[in-house]
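Asker: next input, structure requested:
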Amino acid sequence: MYTKQPKKLTIMNILDILKRYTDENHRLSQKEIQEILDREYDMKLDRKAVKRNLMNLIEFGYDVNYSESVRVFRDKDGNEQENVILSDFYLEREFTDSELRLLIDSVLFSNHIPYKQDKQLVEKLSSLSNIYFKSRVKHIARMPEDKTDNKQLFYNIELLDEAITKGHRVRFRYLEYRSDKKLHKRCHSDGTVREYEINPYQLVAKEGKYYLICNNVKYDSVSNYRVDRMTDMEILPHKRRAFNTLVGSDGNQLDLNAYMEKHIYMFAGENIRAVFRAEKFILSDIIDMFGKDVKFSDESDQQITVTADVNELAMEQFAKAYTPYVEIIKPVALRERMMHNLSAGLEKYQKKER
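Answerer: Residues are numbered from 1 along each chain as shown. Predicted structure coming up:
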């Protein structure tokens, strides 16, 4: 129950009622708005005042919809008159329920968002709709153990956004899991905590995780780091190195679409032209992974040859994931490494003693 409020808040209270109780499928008459004002806000208003405030909201730019009907009556002189009745008021939503549900599902199934912030985001998104939508999503949640342990994610994103915008370097420490199933700061072999200094270029989301595309100042190549694994981050006064000076950039600025197509698992390292033979029933998976720029050749009833420009480690991971439906043909060094790894794996499975 709301406490009694001054009349000057009437228009805000009516807007609040429209936000909480209405959409295209749930509309209110002026009388119903009157009743809610009386019941929940302890405000008594006549219909003319309700109508006046509704019209003011429309004049102020709020997308309030309503229907009109004409009532015919006779005045005191017996003349026929018409009176226009406004009803079925509702507020047009900035987001549809299906759009909000899509955004909420994206939050719920993103492992990089900490559990507490996950709940807060869902509540904020739900508040953009009305009570009917909230009742449908209130039971949806993910278990805390499904979420990242690093509570600094959003702070990291803000800091990295600032560093990228200003073109400055960043220093941080990196977290990794150990056998106790807890995150620890990555250390050198002597036990001292390892620090990373990088040139940041772009934040990207991939497979439910945030990554930073950057360059470790100790090297000339591109690196990718999980943002939810970063901690103790600080922006440095040093200007970052230009991306087009890095090995593998070919003197060009970062082309995000091309980069993501070549780094399907967000591995850093050399890009190659891979040629592999694949079973045709995984063609959809191949295009999902490598995009439509792949080239097909030597098609038979069951198999097809694929040529793709891709990161080498990503190609190796893809071939492992789709064994035995993928056979790498080129480059020869990658083919030989796959043969060695598969042979070593088979040997482990064939051991009699465990």
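
Asker: how about the helices in the protein?
Answerer: Assigned by DSSP state H, the chain shows helices spanning 10-21, 30-41, 47-59, 97-108, 115-126, 131-137, 153-166, 256-262, 283-290, 312-321, 332-350.

Asker: tell me the centre residue of the protein?
Answerer: In the chain, the residue lying closest to the centroid (CA atoms, centre = their mean) is residue 106, at 5.6 Å.

Asker: on that earlier part again, compare the helices of the chain and report which one is nearest to residue 301.
Answerer: helix 283-290 (13.2 Å; CB to CB). Using the backbone N, CA and C atoms, a C-beta is placed for each residue, glycine as well.

Asker: sorry, back to before: of all the helices of the chain, which lies closest to residue 206?
Answerer: Comparing the helices of the chain by CB to CB, helix 256-262 comes nearest, at 7.3 Å.

Asker: mean confidence for that closest one?
Answerer: For helix 256-262, the mean per-residue pLDDT is 72.

Asker: which residues touch residue 71?
Answerer: Applying CB atoms under 8 Å, 6 or more residues apart in numbering, we find residue 71 in contact with 82, 83, 84, 85.

Asker: specify the beta-bridge partners of the third one.
Answerer: Under the criterion DSSP bridges, residue 84 forms beta bridges with residue 70.

Asker: how many residues are close by it?
Answerer: Neighbourhood size, residue 84 [other CB atoms under 10 Å]: 8.

Asker: cool, and the last one?
Answerer: The tally of other residues near residue 85 (other CB under 10 Å) stands at 13.

Asker: who's in contact with it?
Answerer: 68, 69, 70, 71.

Asker: mind doing that once more with 6 Å?
Answerer: Taking CB atoms under 6 Å, 6 or more residues apart in numbering as the criterion, residue 85 is in contact with 69, 71.

Asker: pLDDT value on it, please?
Answerer: Note for residue 85: predicted pLDDT of 82.

Asker: state the distance from it to residue 75.
Answerer: For residue 85, the distance to residue 75 (CB to CB, to the nearest Å) stands at 17 Å.

Asker: same deal with the second one?
Answerer: From residue 83 across to residue 75, the span is 10 Å (CB to CB).

Asker: what do you get for the third one?
Answerer: Per CB to CB, residue 84 is found 16 Å from residue 75.

Asker: likewise for the first one?
Answerer: When CB to CB is the yardstick, residue 82 and residue 75 sit 11 Å from each other.

Asker: so where's the stretch 101-250 of the chain uncertain?
Answerer: Applying pLDDT under 70 to the stretch 101-250 of the chain flags the ranges 109-112, 135-151, 207-208.

Asker: run the last query once more with 50
Answerer: Filtered on pLDDT under 50, the stretch 101-250 of the chain yields the residue ranges 143, 146.

Asker: how many neighbouring residues does residue 348 have?
Answerer: 7.

Asker: show me the beta-bridge partners of the nearest residue to residue 234 once chain neighbours are set aside.
Answerer: Of all residues not flanking residue 234 in the chain, residue 171 sits nearest, at 5.3 Å (CB to CB, 6 or more residues apart in numbering). Under the criterion DSSP bridges, residue 171 forms beta bridges with residue 197, residue 234.

Asker: for residue 171, what are its contacts?
Answerer: 197, 234, 236.

Asker: including neighbour count, could those go into a markdown table?
Answerer: Listed next are the contacts of residue 171 as a markdown table, based on neighbours: other CB atoms under 10 Å:
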| residue | neighbour count |
| --- | --- |
| 197 | 15 |
| 234 | 10 |
| 236 | 15 |
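
Asker: which residues does residue 231 contact?
Answerer: 152, 173, 175.

Asker: would you mind measuring from residue 65 to residue 88?
Answerer: Counting by CB to CB, the gap from residue 65 to residue 88 is 8 Å.

Asker: can you check residue 195 too?
Answerer: 63 Å.

Asker: mind pulling up the phi and psi values for the residue sitting furthest away from the middle of the chain?
Answerer: Ranked by distance from the centre of the chain (CA atoms, centre = their mean), the top residue is residue 77, with 66.4 Å. Here is the backbone geometry of residue 77 (degrees, to the nearest 10): phi -90, psi 0.

Asker: sweet, I'm off.
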